[in-house]
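Participant: predicted structure and sequence below. I'll ask about it afterward.
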Amino acid sequence: MTTFHPIASAGPANAALRGTLGSPGAVARRARRARRGLARRGLAWRGLARLLPAAVLAATALAPLLAPAPARAAEEVNLYSYRQPFLIQPLLDAFTAETGIKVNIVYAQKGMLEKLKAEGMNSPADAVLTVDIGRLTDLVDADLVQPVQSKVLEANIPAHYRHPDGKWFGLSARARIFWASRDRVKPGEVASYDDLAKPAMKGRLCLRSGKHAYNVSLIAARIAHNGIDATRDWLVKVRDNLARKPQGNDRAQAKAIYEGVCDLGVANTYYTGKMATNEKKTEQQDWAKAVRVVFPDQDGVGTHVNVSGAAVTRAAKHRDNAVRLLEFLSGDAAQKLYAERNFEYPVKSGVALHPLVASWGAFKADTISLAEVAKHRAAASRLVDEVKFNDGPGS
Amino acid sequence: MLVAALAAAPVAAIAVLALSPSDGIWHHLATTVLPGYVVTSLTLMVGVGLGTAFGGVATAWLVTMYRFPGRRVFEWALLLPLAVPAYVNAYVFTDFLEYAGPLQTALRDVFGWTNRQDYWFPEIRSAGGAIAMMTLVLYPYVYLLARAAFLSQPACVLEVSRTLGKGPWASFFRVALPLARPAIAVGVSLVLMEVLNDFGTVDFFAVNTFTAGIYDVWMNMNSTAGAAQLALVLLLFVVALVLIERHSRRDQRFHQTTTRYKALPTQPLGPAAGALAMVFCALPIALGFVFPAAVLGRYALQHYQVTLEGDFLLHAWHSLALAGTSALVAVAVGLFLAYGARLGGAATRAGVRVASLGYAVPGAVLAVGVIVPMAALDNSVDGFMRATFGIPTGLLLSGTVVAVGYGYLVRFLALSYGAGESGLARVTPAMDGAARTLGATPLGVLRRVHLPMLRGSLLTGGILVFVDCMKELPMTVILRPFNFETLATFVHQYASDELLEECALGALAIVAVGVLPVVFLSRSLRGLRPGGEEAS
């Protein structure tokens, strides 16, 4: 049982716990004695007695985990992440290999903000890693993050991809593009987000939920550019062009185009790369082959771009390590990993794109400040409700 | 009472959160999507409620009262779908039934159809699909409780009914069903609460329920207060539902007046009826368990390396230890509270009512309800220790497994309390009296009368909690400590990206771990009836 105590000597909570439970040997002896005594007393007790050793075992095993998560060791950093571990683990491993700083991580998509708020200045989190500008601005609005001044970060990340006071930093960028059927959409047939609403697209459009953060941000950017009324009209027309009720994730839209359900989808750039190179599920390569990447609005304001980013919490106990992590993530090695492994656009200039991503060509990105876009997110979300976008065409 | 208050704290915290202003979200929702949410949720509840009640009661009655081939297997196998999380079933069925799935592809090949305009096929991603998926994995709640009720009814009341000239159908509807109604009502209300708190399935199927609306208000409109208010409305609705049900059987109270438990007379069925019964019992098992397990098994074989690269065994250990400990604690607390409520104490009863509502709250919302009071406690302890001793204690409980365990307790107390309560209901006051008259001490009554009678119920409650903890996702994700994965969170990180194959082994392990106690449970249920069963 001692094998379950790798950090038992570290935390005071463990010492206390062992105090109450006694040494493992004593616990076992007590359990044995208890069992012998109970055995004489009828069926029900025997059932409970059988469970007792299991309970003791479970309690002992859980004991090391009772220690408050951030042990006092200096060389570590605690991360709350909205991004799935399997996406960012390679980056974090590279960071640990380079700096010797251990990264502890909790991954969750819901409730992070409330958790940080409730924990207050005692929060163990040093940094937050997230996608979508909306979440980053939510953190700023709730006053949960602190400004960071860093020459490295300022040199690596262009100004429009970071908060003016350093309260968040964009680490990778992705464009919200069209997937057009290679067979059924002629080159040049769709060129702008406005084209999603044109009558010729009737019954040919597939989208994921209008409420998904990626679509909400796209709609918010439209509101920022065109105003709420024009965006409402546009959204109604887009809704009526849908081939089916909004559903699935981004990849599911490529699949639907491959299946002939629809001709045009909207997706983040990196999914194209992930599908095209999927060795484990080769059917996804077929989906990717069925579509052509189109960057919308090249003659207009440019394609909508969003970021994944990070911020240092106000409560950070390992502030320096957190800043080092952010600096590392904005540096050449990490930016290359973002580009190569996740098919994203690095924010640092001079870092090579993945050849596949490069093959789609350079594009004009919408340069509107992401902070400005974020202001319209709530309005965008309400608009989706108002036009009952998620109920599909003709509602 | 303190325990009840502790268990009710998170639900109360949600109420407090709901007090802050929500910027006119209600007006916006009421004029746009709220009516749709309500209709969809009600549709799901009616559909799944009827489906599980019918399926659960009918199968329970068949395996309890009749003899037909395979009955012994069905007795426990009918519980198996309980181990399959609804969202996993949804993924598996969608893969099979959607346009590119094997079934439609085969149909197209056979009939020469070329695209989806050529033929009609039911859309799995719909309210109807969601009802089917949830019914398939939730009916065992009703089955379990209905069967326990059928098993514990004295054979003589049925015999009397038959003697009085009622046919088997009339006996069932006029005698057995009313007797089992409290148990069935508990089962169906558990099912309905599961329907209301489900997010995974409806999200995947793009069915916009009230719960989906709560998440939307929370995540997209950034309004915790609005989300808490919606969650509270949901709770009031559940309370109303439970009260209506109780009210409608207020004048019915049955105490068994006989202790003569002779073996239930099981009747053999003819070949045709027997075959029919077999198919009827086999269908839900095939669709709710065998099929998803087989598909997961196939994926797991193809992708097991990916899974085993990680700390798979450690995740499994976390799941088992947490679920096991939580189940024990939940049963103990549930029984304790059930006694508290029985011995009077209106405050305790009220606290327990509030606490059991945790089951109907969407997990992630309840997790926030757990975080808020727990972090407040931690922070005030820390403040006190700093001020008094100059020792900062930081967060003692938040972000530890204790938080997760507490969350489980609050969420699943309804199960263990319900089991404790229904068990105690069978201990009539007369029995206490008799035991005391015969010279037993209060503790003696507890040990020699209550515990033997409660054993079945407690096991049922404990195992339900255990299986549910294994499957539990949203709370674990938010409340867990750093670098902590359970099987469910491991499955989720892939499943949320619709990468089911990569996590099939994990999902299968959840199912497998869920199966063992289910079989155990059913064996113990068989022994529940003091008179034993007729050999067949």
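Facilitator: Structure received.
Participant: quick one: low-confidence parts of chain B?
Facilitator: B:1-2, B:22-23, B:115-117, B:154-156, B:248-265, B:303-310, B:344-345, B:495-499, B:521-536 (pLDDT under 70).
Participant: what about the strands in it?
Facilitator: Using DSSP state E, the strands assigned to chain B run over residues B:66-67, B:267-268.
Participant: can you tell me which of those strands is most buried?
Facilitator: Ranked by mean neighbour count under mean count of other C-beta atoms under 10 Å in any protein chain shown, the strands of chain B are led by strand B:66-67, which reaches a mean of 16. Using the backbone N, CA and C atoms, a C-beta is placed for each residue, glycine as well.
Participant: which one, of the strands of chain B, ends up nearest to residue A:94?
Facilitator: Nearest to residue A:94 among the strands of chain B is strand B:66-67; the distance by C-beta to C-beta comes to 64.7 Å.
Participant: show me the strands in chain A, by range?
Facilitator: A:76-81, A:102-107, A:127-131, A:169-181, A:205-206, A:264-268, A:291-294, A:305-312, A:345-346.
Participant: same list (those) but as CSV, adding mean pLDDT, distance to residue B:493 and mean neighbour count.
Facilitator: Shown next, in CSV, are these (pLDDT from 0 to 100; distance: least, C-beta to C-beta, whole Å; neighbours: other C-beta atoms under 10 Å in any protein chain shown):
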stretch, mean pLDDT, distance to residue B:493, mean neighbour count
strand A:76-81, 91, 11, 24
strand A:102-107, 88, 7, 21
strand A:127-131, 90, 14, 24
strand A:169-181, 94, 19, 24
strand A:205-206, 94, 26, 25
strand A:264-268, 95, 18, 24
strand A:291-294, 95, 26, 21
strand A:305-312, 93, 16, 26
strand A:345-346, 94, 24, 22
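Participant: could you export these as CSV, including distance to residue B:26?
Facilitator: CSV is the format used below for these (distance: least, C-beta to C-beta, whole Å):
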stretch, distance to residue B:26
strand A:76-81, 31
strand A:102-107, 33
strand A:127-131, 29
strand A:169-181, 31
strand A:205-206, 32
strand A:264-268, 31
strand A:291-294, 40
strand A:305-312, 30
strand A:345-346, 40
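Participant: before we move on, back to that, what's the closest of the strands of chain B to chain A?
Facilitator: strand B:66-67 (28.3 Å; C-beta to the nearest C-beta).
Participant: which strands border that closest one, and is each parallel or antiparallel?
Facilitator: When pairing is defined by DSSP bridges, strand B:66-67 lines up against strand B:267-268 (parallel).
Participant: which pLDDT value goes with residue A:217?
Facilitator: With respect to pLDDT, residue A:217 scores 92.
Participant: over to residue A:380?
Facilitator: Looking at residue A:380, the pLDDT reads 92.
Participant: I'd like the distance between the spatially most central residue of chain A and residue B:378.
Facilitator: Central residue of chain A (C-alpha atoms, centre = their mean): residue A:83, 3.1 Å from the mean position. Going from residue A:83 to residue B:378 by C-beta to C-beta, to the nearest Å gives 27 Å.
Participant: repeat for residue B:58
Facilitator: With distances taken as C-beta to C-beta, residue B:58 is found 50 Å from residue B:378.
Participant: so between these two, which is more surrounded?
Facilitator: residue B:378 (24 against 18; other C-beta atoms under 10 Å in any protein chain shown).
Participant: give the contact list for residue B:95.
Facilitator: Residues counted as contacts of residue B:95 (C-beta atoms under 8 Å, 6 or more residues apart in numbering or on different chains) are B:101, B:295, B:500.
Participant: any chance of a markdown table for the residues you listed, columns distance to chain A?
Facilitator: Shown next, in a markdown table, are the contacts of residue B:95 (distance: C-beta to the nearest C-beta, whole Å):
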| residue | distance to chain A |
| --- | --- |
| B:101 | 10 |
| B:295 | 15 |
| B:500 | 10 |
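Participant: of the residues you listed, which is the nearest to residue B:516?
Facilitator: residue B:295 (20.6 Å).
Participant: spatially nearest residue to the closest one, not counting backbone neighbours?
Facilitator: Spatial nearest neighbour of residue B:295, chain neighbours left out: residue B:92 (4.7 Å); criterion: C-beta to C-beta, 6 or more residues apart in numbering or on different chains.
Participant: burial of that neighbour, as a residue count?
Facilitator: Close neighbours of residue B:92, defined as other C-beta under 10 Å, add up to 22.
Participant: do I have it right that it meets residue B:297?
Facilitator: No - counting by C-beta atoms under 8 Å, residue B:92 does not reach residue B:297; the two are 10.9 Å apart.
Participant: in chain A, where is pLDDT below threshold?
Facilitator: Scanning chain A for pLDDT under 70 picks out A:1-74, A:395.
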